Each structure stands twice: as C-alpha cells, then as structure tokens.
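Engineer: here are the coordinates; sequence isn't available:
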C-alpha cells in the first residue's frame, strides 16, 4: 500500500543531544513537509522540499535541519539549538505544487518527541 | 491573529445529533481542506474544496468564498466520529495554514 511512514512513534532524548526523525513515502510525491504540533496550536511548518536536493525554511526552522537526498526520504534533525523540542512532529507529502493547481497533503502517523 | 479560525474549540454531542463545525479564514486561498486527527495522532484528509459543497457519506463540507467561511457538518453522529477536526487553507504554492482544531466527542 502507498503511504507515508514515520519512525519511531515515540522518541525520548536528553537535553543537548541531536535527534533525527525519519520520514519515508512511496507515493511518488515530489513535495514533502515537516510540521510541528503543540497543544492548543495549529500545525506549524518547519521545512519543506519541492524537489530532491532542495528545501526551504518554514515559519519555525530555527534549531532544525533537513536533507532531501532521495525523493522518498525527508529526515528531520532536531538539534540541541532548538529551545523547546518536545512536541508532536508530522511529516506530509503532496504532488508538486503548481500555480494552476492545488493538491491534498498526505500525512504520516507522527513522532512524539520528548526531551528531558 | 491566526489566518484560520475555527469554532467551537470543543464540542460534545449525543449519538445521532447533527453537528456543525465552522471555519473562517483571512487570506487568499486556492483551496480549503478539512482534516481529521484521531487520538493516535495521524491525520487524514476528509475534503478539499474551492467552491460549493461536497458530501462523503454522513459528512458534508460547504464553502462560501465571498464570506471566507466554511462549515463541516456531520449527520447522525456516532461515537466513532470522535476526533479532532482541523480546517486548513492552501495557496497556489500549496502552502498550508492550519486552524487549531475542534475536538469532538460523541457520547453513546
């Protein structure tokens, strides 16, 4: 079945450690996105990528880094510079955006990161 | 001010009731999306619409472009409809803006 996978579902880290969250899709989508969800807030965009080897900062990119070496994969690294890393992280993908079209985003199951 | 506002924030209904969740937005959009998030956290897309009305089973979504307003209706609600419903809008670059969600609980 086509879809998006994120691993792990739960992740615990000590403060000061970098941690990488995995996101893989087999939908043949060009665009991929990382969001952060906090209680009482809407999803906020961290980074997005519309094509391999290219990505753009979203609204809250500070303290995060990404890579897009393969179309299927868009891992997110939460660095020690991120001041409040504990959150629920969602990965999504869609067909490449075009000025004349709009597409649904397909979401992964999410990773809940707890940093103590 | 958020680009997307939803109401109510929380909603409790008896099984069988007709439910309405409202969404207003303040930016130019290409499409409006209704999403459902279950307690496990995964999000699924229910509707994507840019005009008029769409219906899937017991779910109906409407949009009024002039008033920048959309509603999600659930007819004959059931406990399995309990979830967080999120309104989002997308622009021509497929960038999304999300509401904070409406938490729905349907009691048997």
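Structural biologist: Nice, thanks for sending it over. Just so it is clear, the structure is predicted and the values come from calculations on it, not from any experiment.
Engineer: what sits up against the helix or strand of chain B with the lowest mean pLDDT?
Structural biologist: When the helices and strands of chain B are scored by mean pLDDT, DSSP states H and E, strand B:96-98 comes last with a mean of 91. With contacts defined as C-beta atoms under 8 Å, 6 or more residues apart in numbering or on different chains, strand B:96-98 is touched by A:33, A:35, A:42-45, A:105, B:2-4, B:25, B:27, B:33, B:86-90. The C-beta positions use only the backbone N, C-alpha and C, and glycine is treated the same way.
Engineer: Return the list of strands paired to it, each annotated with direction.
Structural biologist: strand B:83-90 (antiparallel) (DSSP bridges).
Engineer: Who are the contact partners of residue A:40?
Structural biologist: Contacts of residue A:40 by C-beta under 8 Å, 6+ apart are residue B:100.
Engineer: Leaving aside the residues adjacent along the chain, what's closest to residue A:74?
Structural biologist: residue A:32 (4.0 Å; C-beta to C-beta, 6 or more residues apart in numbering or on different chains).
Engineer: would you say the one you found is within a strand?
Structural biologist: Yes. Under DSSP: H, G, I helix; E, B strand; the rest coil, residue A:32 sits within a strand.
Engineer: Just give the number of residues close to it.
Structural biologist: 30 (other C-beta atoms under 10 Å in any protein chain shown).
Engineer: Alongside chain B, which residues does chain A contribute?
Structural biologist: Proximity of chain A to chain B, by C-beta under 8 Å from any C-beta of the partner chain, involves residues A:31, A:33, A:35, A:40-45, A:48, A:88, A:90, A:94, A:97, A:99-100, A:102-110, A:112.
Engineer: can I assume residue B:80 sits in a strand?
Structural biologist: No. If the criterion is three-state DSSP, then residue B:80 is helix and not within a strand.
Engineer: From chain A, how far out is it?
Structural biologist: Going from residue B:80 to chain A by C-beta to the nearest C-beta, to the nearest Å gives 18 Å.
Engineer: Tell me, how many residues neighbour that residue?
Structural biologist: If we define neighbours as other C-beta under 10 Å, then residue B:80 has 9 of them.
Engineer: cool, residue B:48 as well?
Structural biologist: Neighbours around residue B:48, by other C-beta under 10 Å: 19.
Engineer: Check residue A:75 too.
Structural biologist: Neighbours around residue A:75, by other C-beta under 10 Å: 16.
Engineer: can you tell me which residues contact it?
Structural biologist: Counted by C-beta under 8 Å, 6+ apart, residue A:75 has contacts A:20-23, A:66-67.
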